[in-house]
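Enquirer: Quick one, fold the following:
(2 chains)
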Amino acid sequence: MRRNTGIRIFSLGLFLLFWNGLSVLLGDQQVLPSPLQVFHEMSVLWQQGKLQENLVATAWRVAAAFGLAMLIGGAFGYAMGRSDGLDAWLDPWLIIFLNLPALVLIVLCYLWVGLNEFAAVLAVTLSKVPMTTTIIREGARNSSSALRDLASVYRLSLLTKLRHIVLPELFPHIVSAARTGFSVIWKIVLVVEFLGRPNGIGRQIHTQFSLFDVTGVLAYALSFVICILFIEFAIMQPSEKRVGRWRVDAEA
Amino acid sequence: MLKLDLHRKSFAGHTVLEDVHLDLKQGERVAIFGPSGVGKTTLLRIIAGLDKRFVGTREAPDEIALMFQNPTLLEWRTTKENLQIFHPASDEQDIQAALSQVGLQDKADHYPRQLSVGQQRRLALARCFLTPTPLVLLDEPFTSLDQSLRQEMLTLTRAFLDKTGSALVLVTHAQDEAEALGAKYYELRNAPQNGVEFAAL
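Expert: Below is the predicted model of the structure:
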């Protein structure tokens, strides 16, 4: 369990109070609705089924882009970390893609591939792959050559090597790539939806924006943030803890 | 059984090993002695088949056991799993027996970081000898150990070797280790012209 849980919960409460106070002070719910109004809007949208529908659409895109980016970036990163020659060839490309703004990638993908689901997921994947590659490459560079030698002399199968040596060794880097990847991807997905998808949280924010409906914007945004926090605490952190058991030293 | 005719091994144009010939019979034990940087580890890597970029020929059994100076354990796997992964054919009983032999029978479910330095070394030793192999290669496994642990490791290694009847190539810079393991003893001089002939007895 995290330390100072009480303080954390109390601090969250303070944030809601602060928001509420600001809303009362401004006195205009068109500009800043109170938390209660936003929660009410969320429940209305939920009852209409709109919230679930758009959350699922966005979550699907996030999951697809995340999975693809981790796989492709992981493979490239590992290969580049292990081979200096390959690294020299691909590194300039990596730098170009690392510095290409996501917005440019999105617009280009839509222009070249068309306004469809494939283009949307492709754009998000492409904007995340270079980051994953960079992080996994760092891990592969630091991998133990002695373990590889041992695996080779004992003639371990490829699957055994992957499962018991390569992946556990890369695990901290995979987690950190997943962490940063996840938080970046869901933000880019919203932009992709904003610019050219008929559904999803990003599309709804676009609609609410044209209606000047701040409550609607906040309701959609907040519900997505809650989903992200849920994934963070229910999936990311526990799995990290479970796999990190071996780090406990003799003294602990 | 092991036959190495090494004419030349060089790194970036610089000759590290030259004219090293090794011919080992079954169960024969040799120790290669020499100062640091003389190419002992390079030679061992060639014998192990890890380094194939050399001029010469190598004939060696498929099954080789290897141990380094560092225990080189899978820190993310338990003691038991560390043995299982490298010896997939061994069963629960073999693993328990191997752990008992090195005094780790109570540590089967511990992770390497929860073991003392000595226990980690003994685990590496158990991994090296769990499945009898015709050839065992040891790369300074007794270096930088305190005296009592070193003696213990040497005694254990000797017992394992006597039991499995494996041939041994030990790389070391301590002469007494060769004697403790009953190994014939060769010196590797500085290259070029190492001129080592590890002739058969």
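Enquirer: What's the local residue count around residue 39?
Expert: Because you didn't say which chain, this covers chain A. Neighbour count for residue A:39, taken as other Cβ atoms under 10 Å in any protein chain shown: 16. Just so you know, the C-beta spots here come from the backbone N, C-alpha and C atoms, and that holds for glycine as well.
Enquirer: Chain B was what I was after
Expert: Residue B:39 has 24 nearby residues by other Cβ under 10 Å.
Enquirer: doesn't residue B:16 make contact with it?
Expert: Yes - between residue B:39 and residue B:16 there is a contact under Cβ atoms under 8 Å: 4.5 Å.
Enquirer: Around chain B, which positions in the stretch 51-200 of chain A sit nearby?
Expert: Residues of the stretch 51-200 of chain A found near chain B (Cβ under 8 Å from any Cβ of the partner chain) are A:144, A:146-147, A:149-150, A:152-156, A:160, A:164-165, A:168-169, A:171.
Enquirer: Just the buried subset of these, written out for ChimeraX, thanks.
Expert: In ChimeraX, a selection of the buried entries from these looks like this (16 or more other Cβ atoms under 10 Å in any protein chain shown):
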select /A:147,149,150,153,154,156,160,164,165,168,169
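Enquirer: Out of the residues of the stretch 51-200 of chain A next to chain B, name the ones that lie in helices.
Expert: Counting by DSSP state H, the part of those found in helices is A:146, A:147, A:149, A:150, A:152, A:153, A:160, A:168, A:169, A:171.
Enquirer: before we move on, what SS does the nearest residue to the fourth one once chain neighbours are set aside have?
Expert: Leaving out its chain neighbours, the residue that sits closest to residue A:150 by Cβ to Cβ, 6 or more residues apart in numbering or on different chains is residue B:72, at 5.7 Å. At residue B:72, secondary structure determined by DSSP: H, G, I helix; E, B strand; the rest coil is coil.
Enquirer: Kindly reformat the ones in helices among the residues of the stretch 51-200 of chain A next to chain B as TSV and extend each row with pLDDT.
Expert: Putting those into TSV (pLDDT from 0 to 100) gives the following:
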residue	pLDDT
A:146	91
A:147	92
A:149	93
A:150	93
A:152	93
A:153	93
A:160	94
A:168	91
A:169	91
A:171	89
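Enquirer: tell me the mean pLDDT over the host helix or strand of residue A:65?
Expert: Using DSSP states H and E, the element containing residue A:65 is helix A:50-82. Helix A:50-82 shows an average pLDDT of 94 in the prediction.
Enquirer: for stretch A:100-115, which positions count as buried?
Expert: For stretch A:100-115, burial by neighbour count (16+ other Cβ under 10 Å) applies to A:102, A:105, A:106, A:109, A:110.
Enquirer: How far does that stretch sit from its chain's centre?
Expert: Here the centre of stretch A:100-115 is set off from its chain's centre by 19 Å, with Cα atoms, centre = their mean, to the nearest Å.
Enquirer: residue ranges for the strands of chain B, please.
Expert: B:2-11, B:14-24, B:29-33, B:55-59, B:64-67, B:135-139, B:167-172, B:184-187, B:196-198 (DSSP state E).
Enquirer: where in the stretch 101-250 of chain A is pLDDT low?
Expert: Along the stretch 101-250 of chain A, segments meeting pLDDT under 70 span A:248-250.
Enquirer: Sketch out the helices for it, chain order is fine.
Expert: A:102-113, A:117-141, A:145-153, A:158-161, A:167-196, A:201-210, A:214-231, A:237-243 (DSSP state H, counting those that start in this stretch).
Enquirer: so how far is the fourth one off the chain centroid?
Expert: For helix A:158-161, the gap between its own C-alpha mean and the chain's C-alpha mean amounts to 29 Å (Cα atoms, centre = their mean).
Enquirer: Tell me the buried residues in that helix?
Expert: Buried residues in helix A:158-161, counting neighbours by 16+ other Cβ under 10 Å, are found at A:160, A:161.
Enquirer: for chain B, which helix is longest?
Expert: In chain B, assigned by DSSP H, the helix with the most residues is helix B:147-164.
Enquirer: And for that one, what's in contact with it?
Expert: By Cβ atoms under 8 Å, 6 or more residues apart in numbering or on different chains, the list of residues contacting helix B:147-164 from outside reads B:29, B:101-102, B:117-118, B:121-122, B:125, B:128-129, B:132-133, B:136, B:138, B:141-142, B:145, B:168, B:177, B:180-182.
Enquirer: Got the confidence number for the spatially most central residue of chain B?
Expert: Chain B has residue B:138 as the residue nearest its centroid, 1.6 Å off, counting by Cα atoms, centre = their mean. On the pLDDT scale, residue B:138 is placed at 94.
Enquirer: Would you enumerate the residues in contact with it?
Expert: B:66, B:67, B:128, B:157, B:168, B:169, B:170, B:171, B:172.
Enquirer: how close does the residue of chain A most remote from its centre get to residue B:65?
Expert: Ranked by distance from the centre of chain A (Cα atoms, centre = their mean), the top residue is residue A:153, with 39.3 Å. Counting by Cβ to Cβ, to the nearest Å, the separation of residue A:153 from residue B:65 is 8 Å.
Enquirer: Now the common contact residues for these two.
Expert: Residues within reach of residue A:153 and of residue B:65 at once, by Cβ under 8 Å, 6+ apart, are residue B:137.
Enquirer: Residue A:133 contacts residue A:94, doesn't it?
Expert: Yes - applying Cβ under 8 Å as the test, residue A:133 and residue A:94 come out as touching, 6.0 Å apart.
Enquirer: list residues touching both of the two?
Expert: Taking Cβ under 8 Å, 6+ apart as the contact criterion, the common neighbours of residue A:133 and residue A:94 are residue A:80.
Enquirer: Sounds good, over and out.
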